[in-house]
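Peer 1: Using only what follows, build the 3D model:
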Amino acid sequence: MNGQVPDPNKIYPRTNDESICYLKNIITNPNIEVGDFTFYHDFDDPMNFEKKNVLYHYPINKDKLIIGKFCSIACGTKFIMNGANHTLSSLATYTFPIFYEDWAGISNVTEAWDNKGDITIGNDVWIGFEAVIMPGVKIGDGAIIGTRALVTKDVPPYTIVGGVPAKEIRKRFNTSVIEDLLKIKWWNWDVEKISKNL
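Peer 2: Numbering: from 1, shown residues only. Below you'll find the predicted structure:
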């Protein structure tokens with residue numbers, strides 16, 4: 001690496017290429033957390049990630065999108081937050097509480113939808129083109145999400161999933177290698193150590 005240390009604080013990691021950005025450095029929503037070196041690619045403008053890719057993320061719900069370090073997120077990936085759900089336990093699926101200004105007597109807006117919890121993406125996860133991640137899903141370290149997959153359930157570490165709904169295709173490594181990788185957690189090493197071990 002010619003003695004150069006990568007800078008996790010820049011927006012565009014590649015010279016003269018504004019189609020890829022380090023997400024952590026453009027996020028303004030306090031309910032979105034992104035680790036160092038995680039990037040997002042977009043053929044139009046990656047700077048619109050919060051608006052175009054994190055959908056139904058109403059502040060009142062306080063749900064979070066948590067993305068680890070060194071993730072690769074392809075163009076068109078969508079994270080569907082809890083505000084997209086409609087409650088299934090009520091007489092109506094209509095979201096009356098969202099329109100509380102028009103319907104008297106409604107006070108708890110978050111009862112308009114079923115809350116599945118935060119979306120949590122591990123470290124070193126590769127999410128393919130136009131994949132969709134649903135509310136409450138947890139994706140383990142080192143997983144791969146196939147192009148246009150619809151992820152409705154948790155994905156174990158180092159597992160490749162694809163399809164609609166996403167199903168396991170295979171593990172990336174055997175069990176003992178996965179256990180070793182989860183122990184060393186290379187993404188937590190300092191950048192100098194990572195550089196030396198590339």
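Peer 1: tell me the mean pLDDT over stretch 130-144?
Peer 2: The pLDDT scores in stretch 130-144 average 98.
Peer 1: let me fix that: stretch 169-179
Peer 2: Here the average pLDDT along stretch 169-179 is 98.
Peer 1: buried sites along it?
Peer 2: Using 16 or more other Cβ atoms under 10 Å as the test for burial, stretch 169-179 gives 171, 178. Where you see a C-beta, it was placed from the backbone N, CA and C, and this is true even at glycine.
Peer 1: what about that stretch, start to end distance?
Peer 2: End-to-end span of stretch 169-179 (Cα to Cα, to the nearest Å): 19 Å.
Peer 1: Not counting that stretch itself, show me its contacts.
Peer 2: Applying Cβ atoms under 8 Å, 6 or more residues apart in numbering, the external contacts of stretch 169-179 come out as 142, 144, 146, 157-162, 181.
Peer 1: same check, this time on stretch 118-126
Peer 2: Applying Cβ under 8 Å, 6+ apart, the set of residues contacting stretch 118-126 is 35, 63-72, 79, 81, 127, 133-145, 157, 185-187.
Peer 1: Please indicate which of those residues are buried?
Peer 2: Buried among the contacts of stretch 118-126 (16+ other Cβ under 10 Å): 35, 63-65, 67-72, 79, 81, 127, 133-145, 157, 187.
Peer 1: Just to be sure, which of those residues are found in strands?
Peer 2: 65, 67, 72, 79, 127, 133, 138-139, 144-145 (DSSP state E).
Peer 1: Between all of those residues, which two are separated the most?
Peer 2: Within those, Leu65 and Ile144 form the most distant pair, 19.0 Å apart (Cβ to Cβ).
Peer 1: What distance do you get for Ile27 to Asn9?
Peer 2: Note on Ile27: its distance to Asn9, by Cβ to Cβ, to the nearest Å, is 13 Å.
Peer 1: So which of those two has more stuff around it?
Peer 2: Shown here are Ile27 and Asn9; by other Cβ atoms under 10 Å, Ile27 has more neighbours (17 against 9).
Peer 1: Which residue, neighbours along the chain excluded, lies closest to that one?
Peer 2: Spatial nearest neighbour of Ile27, excluding adjacent residues (Cβ to Cβ, 6 or more residues apart in numbering): Val34 at 5.7 Å.
Peer 1: What about that neighbour, how many residues nearby?
Peer 2: Counted with other Cβ under 10 Å, the neighbours of Val34 add up to 23.
Peer 1: who's in contact with it?
Peer 2: Contacts for Val34 (Cβ under 8 Å, 6+ apart) come out as 23-24, 27, 67.
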